[in-house]
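>>> coordinates only, no sequence provided:
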């Protein structure tokens, strides 16, 4: 079963659990490459979140794509978003001497709030690439809100922020405890798939 995984935009998942009736949620959509690849491959609905206004504005439109200009994290609040020259925007500070500027008053929402806003009660695939904010998102999400996903493909950012490694370990242990197989597809934690044992 696991041998049939595919990898799109550095995110691994099981394609046999996705079809034209599926709902995919894409957190950290960037320029929409992942979303449009999924639409092209599966002809299904994709709901995405992208926090950077300029990137959100230039993302190609599609009838099956719904994009929200929000950051995803652990609280419903306004945050400062750091824009860097050599890494993607993040609510976290750069770990190098990278020049940055801060954009104030960017809306952040929790997983629960996003699900309510998008009127989603089931996710066939949740893709997470939110530059370190995935830690707070997981830690504040309820078991139920995570369990509505058949698959969650995550780029954890402890390779950039080593201080996050204990939290990544806790999240992996929790996801196993609440009913997910934990499938690493990289030597670090940059491509991890959580597969709901009740899926399929």
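Yep, that arrived. All figures in this text were calculated on a predicted structure; none of them were measured in a lab.
>>> quick check: phi and psi at residue 55.
Backbone torsions of residue 55, given as degrees, to the nearest 10, read phi -70, psi -40.
>>> quick one: low-confidence ranges for this protein?
For the chain, the stretches with pLDDT under 70 are 1-3, 85-87, 89-90, 94-100, 200.
>>> next structured bit after the longest helix belonging to it?
Using DSSP state H to define each element, the chain has its longest helix at helix 165-177. The C-terminal neighbour of helix 165-177 among helices and strands, as given by DSSP states H and E, is strand 180-184.
>>> ok, and what's touching that following strand?
2, 5, 12, 146, 152, 172, 175-176, 191-197 (CB atoms under 8 Å, 6 or more residues apart in numbering). Yep, even glycine has a C-beta here, placed from its N, CA and C like the rest.
>>> change it to 6 Å
Residues from elsewhere that reach strand 180-184 (CB atoms under 6 Å, 6 or more residues apart in numbering): 172, 175, 176, 192, 193, 194, 195, 196.
>>> now stretch 28-41
The contact list for stretch 28-41 (CB under 6 Å, 6+ apart) reads 8-9, 24, 26, 46, 48, 50, 55, 59-60, 62, 64-65, 129-130.
>>> tell me the contacts of the residue most central in space within the chain?
Centroid-nearest residue in the chain: residue 128, 1.4 Å away (criterion: CA atoms, centre = their mean). Listed by CB under 6 Å, 6+ apart, the contact partners of residue 128 are 27, 134, 154.
>>> burial measure for the last one, as a count.
For residue 154, the neighbour count with other CB atoms under 10 Å is 25.
>>> excluding its backbone neighbours, what's nearest it?
Among residues not flanking residue 154 along the chain, residue 128 sits closest, at 4.4 Å (CB to CB, 6 or more residues apart in numbering).
>>> cool, and the second one?
Nearest residue to residue 134, sequence neighbours excluded (CB to CB, 6+ apart): residue 128, at 5.0 Å.
>>> which parts of the chain are strands?
For the chain, applying DSSP state E gives strands covering 6-8, 11-13, 23-27, 45-49, 65-68, 71-72, 77-84, 100-109, 125-128, 151-154, 180-184, 192-196.
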